[in-house]
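Colleague: predicted model, plus sequence, below.
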Amino acid sequence: MKQFGNEAVINNPAVPNEHNEAVLGEASNSIVNNLKEMIANGNISDVASLFNNDNASDSSNPVVQQLTEKLSGNLGEKFGLSNDVSSDVAGGLIPKVLGSLIGKAKDPNDSSINVSDIIGSLTSGNSEASGGLMDAVSKYGSSFGLDQNGDGKVGMDDAIAAVSNKSGGLGGLLGKLFGK
């Protein structure tokens, strides 16, 4: 997270230095918890849209907007940052983090994170939620390494395989992404 937080948080004089680590931690937790909440609330197709058309770092993407708004609110509430500062920090972090996470997951030459791990982490092993998310991305699935059993299709068996491979949750994936 620090690689994305230098400009938005660490080198930002509006964010008190004593809050830098906590603000970055809040950003990481906010991404994980709010993506899980979106899936739990049935916004599966919105979350799946992150994997389509390289729009995970696009601030006009509805998921990116929602994550940015929620993080901005949390930063103001927990750290007393003004609305402008909170919005700037969230807007400087969320698109970069999501863009990098999804970009790594979609990169066939980068095995540190894959889409299946992300889906498993976001659905917390709930095969019904995972299946819905898998349905939403199935038309893109084989190009993202989601075909767990190599049968050329992405289905429930692949979703179950994805969620049964516990890899430390999305927090663990974010840790892999940021070298922790």
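Modeller: Arrived safely, thanks for sending.
Colleague: buried residues, the longest helix anywhere in the chain. List them.
Modeller: Secondary structure assigned by DSSP state H gives helix 83-106 as the longest helix of the chain. Neighbour-count burial for helix 83-106, counted by 16 or more other C-beta atoms under 10 Å, picks out 85-102, 104-106. Any C-beta I mention is one placed from the backbone N, CA and C, and that applies to glycine too.
Colleague: contact partners for the nearest residue to I102 once chain neighbours are set aside?
Modeller: Take I102 and drop its neighbours on the chain: the residue closest to it by C-beta to C-beta, 6 or more residues apart in numbering is A56, 3.8 Å away. Residues in contact with A56 (C-beta atoms under 8 Å, 6 or more residues apart in numbering) are 50, 64, 95, 98-99, 101-103.
Colleague: and the furthest pair within those?
Modeller: Largest separation among those by C-beta to C-beta: V64 and G103, giving 13.7 Å.
Colleague: mutual contacts of these two, please.
Modeller: Common neighbours of V64 and G103, using C-beta under 8 Å, 6+ apart, are 56-57.
Colleague: quick check, V9 in contact with V97.
Modeller: No. The pair V9 and V97 fails to qualify as a contact (C-beta atoms under 8 Å) at a distance of 11.9 Å.
Colleague: the helices in this protein, which residues?
Modeller: Taking DSSP H as the test, the helices found in the chain are 2-5, 20-40, 44-48, 62-79, 83-106, 115-123, 127-141, 156-164, 169-177.
Colleague: picking that back up, anything in contact with each of V9 and V97?
Modeller: Residues touching both V9 and V97 by C-beta under 8 Å, 6+ apart: A27.
Colleague: grab the nearest non-local neighbour of L75.
Modeller: Closest to L75 by C-beta to C-beta, 6+ apart is S86, at 4.1 Å.
Colleague: now do the one you found, the pLDDT please.
Modeller: Looking at S86, its pLDDT stands at 97.
Colleague: now do I102
Modeller: As predicted, I102 sits at a pLDDT of 80.
Colleague: surely it meets V47?
Modeller: No. Between I102 and V47 there is no contact under C-beta under 8 Å: 10.7 Å.
Colleague: any low-confidence regions in the chain?
Modeller: For the chain, the stretches with pLDDT under 70 are 1, 52-54, 113-180.
Colleague: how about a cut-off of 80?
Modeller: 1-3, 44-45, 48-56, 104-108, 110-180 (pLDDT under 80).
Colleague: circling back: only alpha carbons, please: show the longest helix of the chain as CSV.
Modeller: What follows is helix 83-106, C-alpha atoms only, in CSV (Å, rounded to 0.1, in the frame of the first residue of the first chain):
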residue,chain,number,x,y,z
ASN,A,83,-13.8,16.4,3.3
ASP,A,84,-11.4,17.7,0.7
VAL,A,85,-8.4,16.0,2.1
SER,A,86,-10.3,12.7,2.7
SER,A,87,-11.5,12.8,-0.9
ASP,A,88,-8.1,13.5,-2.3
VAL,A,89,-6.5,10.7,-0.3
ALA,A,90,-9.2,8.2,-1.2
GLY,A,91,-9.2,9.3,-4.9
GLY,A,92,-5.4,9.0,-5.0
LEU,A,93,-5.3,5.5,-3.5
ILE,A,94,-8.4,3.5,-4.6
PRO,A,95,-8.0,3.6,-8.4
LYS,A,96,-4.2,2.9,-8.2
VAL,A,97,-4.6,0.0,-5.8
LEU,A,98,-7.5,-1.6,-7.7
GLY,A,99,-5.8,-1.1,-11.0
SER,A,100,-2.6,-2.7,-9.8
LEU,A,101,-4.4,-5.6,-8.0
ILE,A,102,-6.6,-6.4,-11.0
GLY,A,103,-3.7,-5.8,-13.5
LYS,A,104,-1.5,-8.3,-11.6
ALA,A,105,-4.4,-10.8,-11.4
LYS,A,106,-5.0,-10.6,-15.2
